[in-house]
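J.: Please find the sequence and the predicted model below.
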Amino acid sequence: MIIALNHKSNFNQEEFLNYQEEFKKIQTDHTMILCPSTIHLAQGKTSSIFLGAQNVSAYEKGAYTGEVSAEQLKSYGVSYCIVGHSERREYQKETNEEIGTKITRLFQNGIIPILCIGESKEEREEARVKEVLQEELEMATRNLTEEERNRLIIAYEPIWSIGTGVIPTNDEIHEVFDFIKGLFPNTKVLYGGSANEQNIEELKQVKTIDGYLLGGLSLHPDKLKLFLDRLN
Ligand code: PGA
């Protein structure tokens, strides 16, 4: 399975180096993608993991103060990059169109995008889940070739589940995964949103899940190890 670890804006340098010492002790056959803050990427690569970024510039290169380009990420050994996380959609007002441009930049530089999609609580209550996901998917991937669509990774993260401790029922996850895989039959789809070492026993019953995008849990190597042990 693919296990992507989203550290978000956590860890100063010392904390990150301490984390890595603990993290290196975890033995697993899963494909581990560590996505630390951009500032830690240069110190992030170890032999047993892939390195992922949490964001990329929509611009190729040049006079874009504060931006980090896909080419720069690649030169630091980055193989994957999260795009369209709901926190960026909300706080940085990222649009599906901008997310689509970022995905193109990543593929141009040989980096695999992890495209996050998900509905809000209101959208679920209004029975608009499929409509929202379809729009996010179609608008962000419309310029991709068939081959790129297959290499893309999709992460389904219901917004109401991120960091809240609440997860969808297995039936709800099944329904969404069947829908996404109907549109993208050859694409790996991850689940994200409050997945932890306790609810993994329940989540792992959903056989269509190809992996997990972990936020809060990823900051705790001891809990992460339990999660991975129980997943096996
Ligand atoms: P969480 O975050 O696991 O803390 O809910 C997941 C994410 O935002 O990717």
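T.: Arrived safely.
J.: Contact residues of this structure facing the ligand?
T.: Contacts of the chain with the ligand, taken as C-beta under 6 Å from any ligand atom, map to 6, 157, 162-163, 192-195, 213-217. Where C-beta positions appear, they are placed from N, C-alpha and C, glycine not excepted.
J.: Can you tell me which of the residues you listed is nearest the ligand?
T.: The shortest gap between the ligand and any of the residues of the chain next to the ligand belongs to Gly215, at 2.2 Å (C-beta to the nearest ligand atom).
J.: Can you report phi and psi for the closest residue to the closest one other than its chain neighbours?
T.: The shortest distance from Gly215 to any non-neighbouring residue, by C-beta to C-beta, 6 or more residues apart in numbering, is to Asn6 (5.0 Å). The phi/psi pair for Asn6 (degrees, to the nearest 10) reads phi -100, psi 100.
J.: where exactly do the helices run in this structure?
T.: 13-23, 70-75, 86-91, 96-108, 121-125, 129-141, 146-151, 170-183, 200-203, 221-231 (DSSP state H).
J.: could you dump those to JSON lines with mean pLDDT?
T.: Shown next, in JSON lines, are those (pLDDT from 0 to 100):
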{"stretch": "helix 13-23", "mean pLDDT": "96"}
{"stretch": "helix 70-75", "mean pLDDT": "98"}
{"stretch": "helix 86-91", "mean pLDDT": "97"}
{"stretch": "helix 96-108", "mean pLDDT": "97"}
{"stretch": "helix 121-125", "mean pLDDT": "97"}
{"stretch": "helix 129-141", "mean pLDDT": "97"}
{"stretch": "helix 146-151", "mean pLDDT": "97"}
{"stretch": "helix 170-183", "mean pLDDT": "98"}
{"stretch": "helix 200-203", "mean pLDDT": "98"}
{"stretch": "helix 221-231", "mean pLDDT": "97"}
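J.: Take these and lay them out in a markdown table including distance to Leu51 and mean neighbour count.
T.: Shown next, in a markdown table, are those (distance: least, C-beta to C-beta, whole Å; neighbours: other C-beta atoms under 10 Å):
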| stretch | distance to Leu51 | mean neighbour count |
| --- | --- | --- |
| helix 13-23 | 12 | 14 |
| helix 70-75 | 9 | 19 |
| helix 86-91 | 19 | 16 |
| helix 96-108 | 13 | 20 |
| helix 121-125 | 33 | 14 |
| helix 129-141 | 22 | 18 |
| helix 146-151 | 17 | 13 |
| helix 170-183 | 26 | 15 |
| helix 200-203 | 24 | 15 |
| helix 221-231 | 17 | 17 |
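J.: I'd like the ones you listed written out as TSV, with distance to Lys45 added.
T.: TSV is the format used below for the helices of the chain (distance: least, C-beta to C-beta, whole Å):
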stretch	distance to Lys45
helix 13-23	10
helix 70-75	12
helix 86-91	24
helix 96-108	18
helix 121-125	38
helix 129-141	27
helix 146-151	21
helix 170-183	30
helix 200-203	27
helix 221-231	17
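J.: Which one of those helices lies nearest to Met1?
T.: helix 221-231 (6.8 Å; C-beta to C-beta).
J.: What is the closest one packed up against?
T.: Counting contacts by 3 or more C-beta pairs under 8 Å, 6 or more residues apart in numbering; DSSP states H and E, helix 221-231 is packed against helix 13-23, helix 200-203.
J.: got a list of contacts for the first one?
T.: Yep, that's helix 13-23 we're talking about. 11, 34, 36-37, 39-40, 43-44, 46, 219, 221-222, 224 (C-beta atoms under 8 Å, 6 or more residues apart in numbering).
J.: Sounds good, over and out.
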